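> Okay, sequence plus prediction incoming.
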Amino acid sequence: MSYITSGQIHQIQMMYGHHPNHDSFQEILQTFGQLVESKVLPAEKKTEMERAQDPLKNLAFQLSQSGKFDKQAMETAITEAKKKEKIPEAVYDQIADFGLPGMAFSEKLGGLEIPYPVFVACLETLGKASPSVGVRYAISNTVMEGLRFNDEAGRLSGLGETLLRELIAGEKLAGFALTEGSASGSNIMKEMTTRAVPLKNGKGYQITGGKMFITNVETADVFAVFARTSEPAGDDLGISMFLVERGTPGFRVGQVFEKRTVENSSLGELILDEVEVSKEHLVGEEGGGVQYAMRMLNSGRITIAALATGLAQRAFDEYLEVAVEGKKLGDQHLIELDRTKARVAEMSTEIHAARDMTGHAAWLKTQFDANPEDRELLRDYVIVSNGAKLKASLAAQQASDTLVKIWGASAIIKENPAMKHSLDSWLYYFGEAVPEVLENTISHMEVKKYQKGKGLQDT
């Protein structure tokens, strides 16, 4: 059975069946699926098994083998054990060499100029094998989309374009630094405490503050950092976006959190202590950060939806394996029970719906990118992108939870991936806004559409 699902194949055929490059798009999808199945999936499973071992027994064994029980021997053993729990850099290099980071970007910027929905289908495949690897590239893509938007608007600096080209080429990785520990997630723009003040020489800014729960904190080469450049006044919240590169004086990683989910992806704290950056590090216009963040978050919700759909598909595939070939009740496989059949039908329906909504959102994004002044198109895009993330994240949770239940008590054993899938699904529940925020956004936009249609408002 191909690692690419029929649903993905059909979706690309439905969208691009008459496109002159349709066969190439399908070949790209299949080839990437083979890469993910042969390289990413085994690497992810290997790290899962390494973490399932008792680390104290592992450490004791390695120390006994060395015959040395001094501090240096212990630190060496710990370092070696940690290496085994991480996906090798060679796997990431193969993904970059395939061209995934720049797949949906223009040839002018060094990308492959493949339709965004094809990129999203590839991202679903990556998320099916490893949520950790998937989110690494999804977050970087979110930053790249913000830079692309500013490039097309003619507002990106020379430095910004250079960094964007390096990200597209897979030479660098980006992180999205918006959240702060002191500010509630959905109200971050109003409560942001990180500040950027102009340097006295007028050549740049000094940024001071902290960012929390940042993905790619250990691996990103550059971060999109949002900071307050003026006090809020009406609709202007005074937020700007800056590119801050790793190694900049005063910029460092604080805590790196040990997580119960997506363990091959780093999450942590960034500390900015009077970090000085030039004007070229400002992205777009001063004070335009909220607009840029919204553009980036809308596209980011599509990538999270793709990853969540991939995880849901994997959990569903593993559920079918247990139901059809595995556990029995008496002399019957579980699939012969009506309750099991109902679960299969329910998961299948939810996953297809999530994939279709995600593909629809990806297509609407391409339409809006080509017509950024179309307010009605924007509303449709926001409704569907938020809805896709909502639907897919819940589908991932449902499928993972159902898999845990069919396994029964054996699901709690570390070697069984079912519980890991369930834990990983929470990334998609919380990431890029919780359901309550998405529901409010969808409702707000649907009301605006209704009012516009009834002539109750002008915009």
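Sure thing, it's come through. Numbers count the residues shown, from 1 in each chain.
> residue contacts, the residue lying closest to residue 210 once chain neighbours are set aside?
Nearest-residue entry for residue 210: residue 271, 5.3 Å, with adjacent residues in sequence omitted and distances by Cβ to Cβ, 6 or more residues apart in numbering. In short, each C-beta sits where N, CA and C put it, glycine included. With contact taken as Cβ atoms under 8 Å, 6 or more residues apart in numbering, residue 271 is in contact with 210, 251, 252, 253, 254.
> Looking at whatever helix or strand the first one lives in now, give me its mean pLDDT.
Right, residue 210. In the assignment (DSSP states H and E), residue 210 maps to strand 204-215. Taken as a whole, strand 204-215 carries a mean pLDDT of 96.
> now stretch 297-306
The average pLDDT within stretch 297-306 is 97.
> Mind listing what's buried along the strand holding residue 210?
204, 205, 206, 207, 208, 209, 210, 211, 212, 213, 214, 215 (16 or more other Cβ atoms under 10 Å).
> TSV please, covering these and showing distance to residue 94.
Conversion of the buried residues of strand 204-215 to TSV gives the following (distance: Cβ to Cβ, whole Å):
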residue	distance to residue 94
204	38
205	38
206	40
207	35
208	39
209	37
210	35
211	30
212	32
213	29
214	25
215	21
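> Ends of stretch 249-265, what's the gap?
Taking Cα to Cα, to the nearest Å, the span from the opening residue of stretch 249-265 to its closing residue is 25 Å.
> so how far is that stretch off the chain centroid?
Relative to its parent chain, stretch 249-265 has a centroid offset of 16 Å by Cα atoms, centre = their mean, to the nearest Å.
> Need the contact partners of that stretch.
The set of residues external to stretch 249-265 that reach it, using Cβ under 8 Å, 6+ apart, is 44, 47, 51, 85-87, 130-133, 135-136, 210, 213, 215-218, 244-245, 266-276, 423-424, 426-427.
> again, but for stretch 41-58
Outside of stretch 41-58, the residues within contact range by Cβ under 8 Å, 6+ apart are 3, 77, 81, 84-88, 91, 129-130, 132-133, 263-264, 414-415, 417, 420.
> Likewise for stretch 398-411?
Residues outside stretch 398-411 that contact it (Cβ under 8 Å, 6+ apart): 311-313, 315-316, 318-319, 322-323, 327, 334, 340, 343, 346-347, 350-351, 416, 418-419, 421-422, 424-425.
> Buried only: go through those for me.
Applying 16+ other Cβ under 10 Å to the contacts of stretch 398-411, the neighbour count classes 311-313, 315-316, 318-319, 322-323, 334, 340, 343, 347, 350-351, 416, 418-419, 421-422, 424-425 as buried.
> ok, so what distance separates residue 234 from residue 197?
Remark: distance between residue 234 and residue 197 (Cβ to Cβ, to the nearest Å) = 21 Å.
> Can you get me a residue count around residue 187?
Using other Cβ atoms under 10 Å, residue 187 is surrounded by 9 other residues.
> For residue 238, which non-adjacent residue is closest in space?
residue 230 (3.7 Å).
> So that neighbour versus residue 240, what's the distance?
Computed as Cβ to Cβ, the residue 230 to residue 240 distance reads 9 Å.
> list residues touching both of the two?
Taking Cβ under 8 Å, 6+ apart as the criterion, residue 230 and residue 240 both touch 286, 287.
> So for those two, which sits in the more crowded spot?
Looking at residue 230 and residue 240 with other Cβ under 10 Å, you find the greater number of neighbours at residue 240, namely 23 against 15.
> Help me confirm that residue 245 comes into contact with residue 222.
Yes: with contacts counted by Cβ atoms under 8 Å, residue 245 reaches residue 222, the gap being 4.9 Å.
> Same drill for these two, tell me which one is more crowded.
When neighbours are counted by other Cβ under 10 Å, residue 245 and residue 222 differ, and residue 222 comes out ahead with 25 against 15.
> Let me know the pLDDT of the more buried one.
At residue 222, pLDDT is 98.
> Check residue 1 too.
pLDDT for residue 1: 59.
> which residues of the stretch 51-200 of the chain fall in strands?
Assigned strands in the stretch 51-200 of the chain, in chain order: 174-177, 195-198 (criterion: DSSP state E, counting those that start in this stretch).
> Packing partners of the last one?
In this case it means strand 195-198. Packed against strand 195-198 by the contact rule (3 or more Cβ pairs under 8 Å, 6 or more residues apart in numbering; DSSP states H and E) you find strand 204-215, strand 222-228.
> Which one of the ones you listed lies nearest to residue 457?
Set against residue 457 and scored by Cβ to Cβ, these come closest in strand 222-228, at 29.9 Å.
> send the alpha carbons of the closest one over as CSV?
Extracted as CSV, the C-alpha positions of strand 222-228 are listed here (Å, rounded to 0.1, in the frame of the first residue of the first chain):
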residue,chain,number,x,y,z
VAL,A,222,16.5,33.3,12.3
PHE,A,223,13.3,34.3,14.2
ALA,A,224,10.4,36.5,13.3
VAL,A,225,10.2,38.5,16.5
PHE,A,226,7.2,40.7,17.2
ALA,A,227,7.8,43.7,19.5
ARG,A,228,5.9,46.9,20.5
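> I'd like the next helix or strand past that strand.
Read in the C-terminal direction, the helix or strand following strand 222-228 is strand 239-245, with elements assigned using DSSP H and E.
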